[in-house]
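1. Provided below for reference: sequence and predicted model.
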Amino acid sequence: MVFFIRTVLVLAVVSLLAGSILLVRNIENHLPPVSYNEFLQALDKNEIVEVHFKGNSISYRDTYGRKFSTFCPNVQAIVPELLKKGVVIHGQPNKPSPWWKLLYAGLPTLVILLAWYSLLKKPAKEDSDGFAKDKAVKFRMGEKPVTFRDVAGIPEVKDELLEIIDFLQKPKKYSRLGAIIPKGILFQGPPGTGKTLLARAIAGEAGVPFYSISGSDFVEMFVGVGASRVRELFREAKKNAPCIIFIDEIDAVGGHMGAGAGTGGQDERGQTLNALLVEMDGFSSEETIIVLAATNRPDILDPALLRPGRFDRQISILPPDVKGRLAILQVHARKVSLAKGVDLEKIARSTPGFTGAELAALVNEAAIFAGRQGKKEVDLKDFELAQDRIMMGVERKGLVIGEKDRKTLAYHEAGHALLAKFLPESDPVHKITIIPRGKALGYTKQLPMNDRHAYSKVYLRSRITMLLGGRAAEEICLNQQTTCSEDDFEHAVAIASKMVCRWGMDELIGPVSYSRLQDGFLGDQTTSLNYSEETARSIDREIKRLIDDCYQEALEILKREQDFLSYLAEILLINETLDAEEMEIIYDCALKRRKQQQNEGSEGRIDMTCNIGYPAATAHVLAQESNP
């Protein structure tokens, strides 16, 4: 391709030079022009001796030997006058120069022949050698290197990789003792946990060249292309040793070579994988080349790729804990102007399960919200909005919801929040809202006090009961059933199924597991094991019984706290969003009203149905009532 482009450029330059020469010749042979009137006057005075016609252009010679040119609008009318005067007449058809004809006819043919010649003469090696060079991205020193200072939240992983950096900087320190550094390190974990960033940080700390390529870049339509790219990539890396090769999403090329290896796509992947295995085995003990790879599907990788001597170490990078999230937030917060009231530790506690990429997006979204409002600093409210934006989606301000639906949503979310307050081991309520965001028309946000790594049976039952609280509140207060509980039911059934089938938390089924969790990091993917139809019926009955028991518990609590439920839903209809402090104020008001009615001599429990309820009031009024 380069040869063809060079040839075309040479032809363009030659054509430009030839055209310039012809233009200069025409300029040199060009006669001084005169007007047609001057030509007629000279003809009347018999001063014209000879005339030369070329189309409508006239060149003539007068009696003084001078030559001029002019344009004749009507040649047929002037010819008889010239004959009367005895002027010698010459004629020539108005046709282009033969040189231009040759150029017009020969240039396209010459270009086609040169293109064909360049394709025939193009070396076959040029195709294969250019593949890896075109695909691989090389980060050199001096290109704003990433270091461990830019990576936070995974201290144990950083400690384990320090010896890799030490080996790249001081290889003789280990080789003189007979130690062989691991040739390959596999990073495995969910998306966004910082696998690629960690690989670049290793290269930045060691100060060595860093080659980055994706696993999908090895796979092309033609068989053999991927293997050629693998060989070229390692050949280039050996020239720049010590260095690091990073293969992102290696599962695209390193999957199991199963029974379908004869098909076209599988055959291409198989050859590419074989080339990768051969190159990793081909390292000598003196070559300081380390291969890093990242994947979120380690369960599908070929066992030959994971054996010792290739990818010797497998490091799991999981979402950080609260300390790790705080460290990550501090890294990204260095780039923005934070207000004095921003507590990054509180933000870290409110984001359980967030990965490093999500925390970076949280800080960026908060800065965007602050900039949109013209603020000079990012405050805590901006982080709240950014967190809602990431978790729930964009606020749907244009959605029009009728009063009946708003009332249903208010009682639905109030039911969730009330049960979250009274159920044992339940996470505290952080915020309740009926403002639509994303697919949700409203939501109740709970803020765990600490990160949970093991879930008790009591906590899981409380979670199921809380999910069923929305439907229970609708039935008690509004005497209706709506589709608002669809997502709640899905989550409740999923938790109940795991309790029965995976975690052995059912008395009848016992401590056995009838499903297996896959080893990937792309969501909760389970595989059901083989069991009899009788066992399947027993599992279905136990799941149904667990759901029914939790639903009955939800009904009992909501009926007992029906006045609080009514109060909470009515205030939610007015304010649309309540936080934990406002919810406590409403609860204190409900308790105070209940005690006042009991002191007035009422017998039994006051019937305060949700359909009648209390008069509409705001949180400000409730605060005044609770503090007389």
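-> Perfect, thanks for sending it. Numbering: from 1, shown residues only.

2. Can you give me every residue that contacts Asp321?
-> Asp451 (Cβ atoms under 8 Å, 6 or more residues apart in numbering). Using the backbone N, CA and C atoms, a C-beta is placed for each residue, glycine as well.

3. quick one: it and Lys170, what's the gap?
-> Taking Cβ to Cβ, to the nearest Å as the measure, Asp321 and Lys170 are separated by 33 Å.

4. And for Val88?
-> When Val88 is compared with Lys170 (using Cβ to Cβ), they lie 99 Å apart.

5. Tell me where the stretch 401-550 of the chain has strands.
-> In order along the chain, the stretch 401-550 of the chain carries the following strands (DSSP state E, counting those that start in this stretch): 429-433, 443-446, 515-517, 526-528.

6. Also the stretch 151-300 of the chain?
-> Using DSSP E, counting those that start in this stretch, the strands of the stretch 151-300 of the chain run over 184-188, 210-214, 243-248, 289-295.

7. Summarise which helices and strands the first one is packed against.
-> In terms of contacts (3 or more Cβ pairs under 8 Å, 6 or more residues apart in numbering; DSSP states H and E), strand 184-188 is packed against helix 195-206, strand 289-295, strand 311-316.

8. Okay, angle between it and strand 243-248 too, please.
-> For strand 184-188 against strand 243-248, the angle by axes from the mean of the first three to the mean of the last three Cα atoms, to 10 degrees is 30 degrees.

9. low pLDDT regions in the stretch 1-150 of the chain?
-> 1-30, 94-107, 110-111, 113-144 (pLDDT under 70).

10. ok, 50 please
-> Within the stretch 1-150 of the chain, the set of residues satisfying pLDDT under 50 comprises 28, 123-132, 140-142.

11. and if you look at the chain?
-> 28, 123-132, 140-142, 259-265, 602-628.

12. how does it divide up, domain by domain?
-> Under the assignment named as automatic domain parsing, the residue ranges that make up the domains of the chain are 2-99, 129-256+267-316, 322-390, 403-599.

13. follow-up on the earlier one: deepest-packed of the strands of the stretch 401-550 of the chain, please.
-> strand 429-433 (a mean of 22; mean count of other Cβ atoms under 10 Å).

14. Can you list the strands that it pairs with?
-> Within its sheet, strand 429-433 is paired with strand 443-446 (antiparallel), strand 577-579 (antiparallel), according to DSSP bridges.

15. what residues does the first one touch?
-> Around strand 443-446, the neighbours that count as contacts under Cβ under 8 Å, 6+ apart are 392, 413, 416-417, 420, 426-433, 437.

16. Name all residues that make contact with the spatially closest residue to Gly393 that is not a sequence neighbour.
-> Leaving out its chain neighbours, the residue that sits closest to Gly393 by Cβ to Cβ, 6 or more residues apart in numbering is Gly438, at 2.2 Å. Contact analysis of Gly438 by Cβ under 8 Å, 6+ apart lists Met392, Gly393, Val394, Arg396.

17. Was I right to think the last one contacts Lys439?
-> This points to Arg396. No. Using Cβ atoms under 8 Å, Arg396 is not in contact with Lys439, being 9.5 Å away.

18. quick one, which of the two is more surrounded?
-> It is Arg396, of Arg396 and Lys439, that has more neighbours when counted by other Cβ atoms under 10 Å, with 15 against 9.

19. where's the residue nearest to the more buried one when sequence neighbours are not counted relative to Thr147, distance?
-> With Cβ to Cβ, 6+ apart as the measure, Pro436 is the residue that lies nearest to Arg396, at 4.2 Å, once sequence neighbours are left out. When distance is defined by Cβ to Cβ, Pro436 is 43 Å away from Thr147.

20. More neighbours: which of those two?
-> Shown here are Pro436 and Thr147; by other Cβ under 10 Å, Pro436 has more neighbours (20 against 14).

21. what's near enough to touch that one?
-> When contacts are counted by Cβ under 8 Å, 6+ apart, Pro436 touches Glu395, Arg396, Leu399, Ile401, Gly442.

22. Got phi/psi on it?
-> Dihedral pair for Pro436: phi -70, psi 140, per degrees, to the nearest 10.
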